[in-house]
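# With the input below, show me the fold.
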Amino acid sequence: MTLSSWALALESSALGEWMRASALAYPIANVLHLLGLVSLVGPIVLLDLRLLGWRRDFELPAVSRALTKCAVGGLIILAVTGFAMFSADAGPLLSSGVMRAKLCVIALGVLNAVVFRALWSSQLDKWDQRPPLLGRLQSLASILLWLTAGTLGRWIAYF
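Sure, this is the predicted structure:
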């Protein structure tokens, strides 16, 4: 099955038809998607700013544990609601360059987070004494990637 045929099958599936036919399904999914975006980007930006040196009076390991849980919850909400909204118009969305760019940026954001955790999570208690340059660059990249993903998501309707 090609990606195009999968998108068309998704669009004609019960989920895709329900998302288009229901007066409330798509708007509710859209509001929940926005809630997921806020729940992901807010905590991630706060954590990344802390990793970059802001508010050192908060212990980094505890901040990381708390904010990462919020961000993961937001990412799950985004994935579920994004898939539901995508199903309503999968064929045209698949051909959208903005949509494809958004998906690539999301993949890079998730990859950056996974690599960050693998490299640095065991060293967060020493981070303030000797923050690694690569880790700080990853924090900065994280902020830029997630803000870009959110921006591209809003642009899909206009481009």
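
# contacts and neighbour counts: CA atoms only from here.
Noted.

# Where does the residue of the chain most remote from its centre sit: helix, strand or coil?
Most distant residue from the mean C-alpha position of the chain: Q129, 30.0 Å away (CA atoms, centre = their mean). Per DSSP: H, G, I helix; E, B strand; the rest coil, the local secondary structure of Q129 is coil.

# Ramachandran coordinates for it?
Reported as degrees, to the nearest 10, the phi and psi values for Q129 are phi -80, psi -40.

# gap between it and Q123?
11 Å (CA to CA, to the nearest Å).

# repeat for G153
34 Å.

# who has more neighbours, those two?
Taking other CA atoms under 10 Å, G153 and Q123 do not tie; G153 has more neighbours (18 against 15).

# Output the contacting helices and strands for whichever strand or helix holds the more buried one.
Element membership of G153, judged by DSSP states H and E, is helix 133-155. In terms of contacts (3 or more CA pairs under 8 Å, 6 or more residues apart in numbering; DSSP states H and E), helix 133-155 is packed against helix 25-51, helix 97-120.

# quick check: longest helix of this protein.
helix 60-88 (DSSP state H).

# Now do the buried residues in that helix.
60, 64, 67-68, 70-72, 74-78, 81-88 (16 or more other CA atoms under 10 Å).

# Provide the contact partners of whichever helix or strand comes after that helix at residue level.
Helices and strands here follow DSSP H and E; after helix 60-88, the next one along the chain is helix 90-94. With contacts defined as CA atoms under 8 Å, 6 or more residues apart in numbering, helix 90-94 is touched by 4, 7-8, 10-11, 86, 99-100.

# Report the backbone C-alpha coordinates of helix 90-94 in CSV.
C-alpha atoms of helix 90-94 as CSV (Å, rounded to 0.1, in the frame of the first residue of the first chain):
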residue,chain,number,x,y,z
ALA,A,90,-5.7,13.0,4.7
GLY,A,91,-5.3,13.1,0.9
PRO,A,92,-4.8,16.9,0.5
LEU,A,93,-2.9,17.2,3.8
LEU,A,94,-0.4,14.5,2.6
